[in-house]
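**Student:** give me a 3D structure for the following:
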Amino acid sequence: MTKIHIVTDSTADLTAEQIEQYSIHVVPLTIQIDGKTYIDGVDVQAELFLEMMKTSKKLPKSSQPAVGVFKDLYDKLGKNGDQVISIHMTGGMSGTVKSAHAAAEMSESDVTVIDSRFISYALSFQVLEAAQLASQGASMEKIVTAVTAIRKNTNLFVVVDTLDNLVKGGRIGKGKALIGSLLSIKPIASLEGGEYTPVAKARSHKQVVQYLYNRFLEDTKGKVVKAVGISQANGHAMSNPLKKLIEETGFPNVQVAFTSPIISTHTGIGAIGFMYTVE
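**Tutor:** Okay, here's the model as predicted:
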């Protein structure tokens, strides 16, 4: 009997237990900093990377997995007729999903590639849904439909504490950054449609937390909350009080983790990502 294998990349905030339980295949990205290249989640961990980034003179650079890495994995997983679903971080921030698509076209295996349009926990929501259904023997069509539903019912917000990395990465100009820094502005953006889209501004951590909490209440009113995740790059001043507020609504399972170096390179130190999905 054939089965369906689930593949993702290292920007999904999955625990080692989840990866083992569902036999999820994680293809890592790489990160270059201070002239050295590291494999995300293998020889550089998120918390240590933040310390390295503090002293780095240049913005680190990330690289998507090579097409050949994906092809070799797809060939291996599908050699006996098994199918593959490969779910990856938004194509708006990385070429990872393009590499996966190219490999799928080259491979003789039956591979379905999905752009999650998200990162971090919001990516893992889709991966875990697919993995759980695959373990139950669900069809490819049913899994893809379920993943699409998860994506439509997920919200993700990113808040940076400083504007330095957004300037270095070319996402905002130096003039705006100077004004923003003088006014202590903390931009709040969504990842709706897979793109970094500014939606609000706050002048304190307290205002950020209140905005995100209000959005959560508004978006989840009358609905069943399936999962909540907070990914942070030493953004404890925002992540801790936000977690407490969400738990006080009656949802006890707020997941919190250090964000991948691939993501913290874009956001900088002190940032948080807040994401949730509903039925």
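
**Student:** from here on, just use CA atoms for contacts and neighbour counts.
**Tutor:** Will do.

**Student:** quick check: G250 is in a strand.
**Tutor:** No - assigned with DSSP: H, G, I helix; E, B strand; the rest coil, G250 falls outside any strand and is coil.

**Student:** for it, give me phi and psi.
**Tutor:** Here is the backbone geometry of G250 (degrees, to the nearest 10): phi 110, psi 0.

**Student:** please report how far it lies from S139.
**Tutor:** 34 Å (CA to CA, to the nearest Å).

**Student:** do a quick rundown of the strands in the protein.
**Tutor:** 4-9, 25-27, 30-33, 36-39, 61-63, 83-88, 110-115, 154-159, 186-190, 197-202, 225-232, 254-258, 272-278 (DSSP state E).

**Student:** as JSON lines, those with mean pLDDT would be great.
**Tutor:** Output for these, formatted as JSON lines (pLDDT from 0 to 100):
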{"stretch": "strand 4-9", "mean pLDDT": "98"}
{"stretch": "strand 25-27", "mean pLDDT": "97"}
{"stretch": "strand 30-33", "mean pLDDT": "93"}
{"stretch": "strand 36-39", "mean pLDDT": "93"}
{"stretch": "strand 61-63", "mean pLDDT": "90"}
{"stretch": "strand 83-88", "mean pLDDT": "98"}
{"stretch": "strand 110-115", "mean pLDDT": "98"}
{"stretch": "strand 154-159", "mean pLDDT": "96"}
{"stretch": "strand 186-190", "mean pLDDT": "89"}
{"stretch": "strand 197-202", "mean pLDDT": "89"}
{"stretch": "strand 225-232", "mean pLDDT": "97"}
{"stretch": "strand 254-258", "mean pLDDT": "95"}
{"stretch": "strand 272-278", "mean pLDDT": "97"}
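
**Student:** just put these in a markdown table and tack on distance to L77 and mean neighbour count.
**Tutor:** Shown next, in a markdown table, are the strands of the chain (distance: least, CA to CA, whole Å; neighbours: other CA atoms under 10 Å):
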| stretch | distance to L77 | mean neighbour count |
| --- | --- | --- |
| strand 4-9 | 7 | 25 |
| strand 25-27 | 10 | 19 |
| strand 30-33 | 23 | 19 |
| strand 36-39 | 22 | 15 |
| strand 61-63 | 24 | 18 |
| strand 83-88 | 7 | 25 |
| strand 110-115 | 10 | 20 |
| strand 154-159 | 29 | 23 |
| strand 186-190 | 35 | 21 |
| strand 197-202 | 37 | 15 |
| strand 225-232 | 29 | 23 |
| strand 254-258 | 30 | 18 |
| strand 272-278 | 30 | 25 |
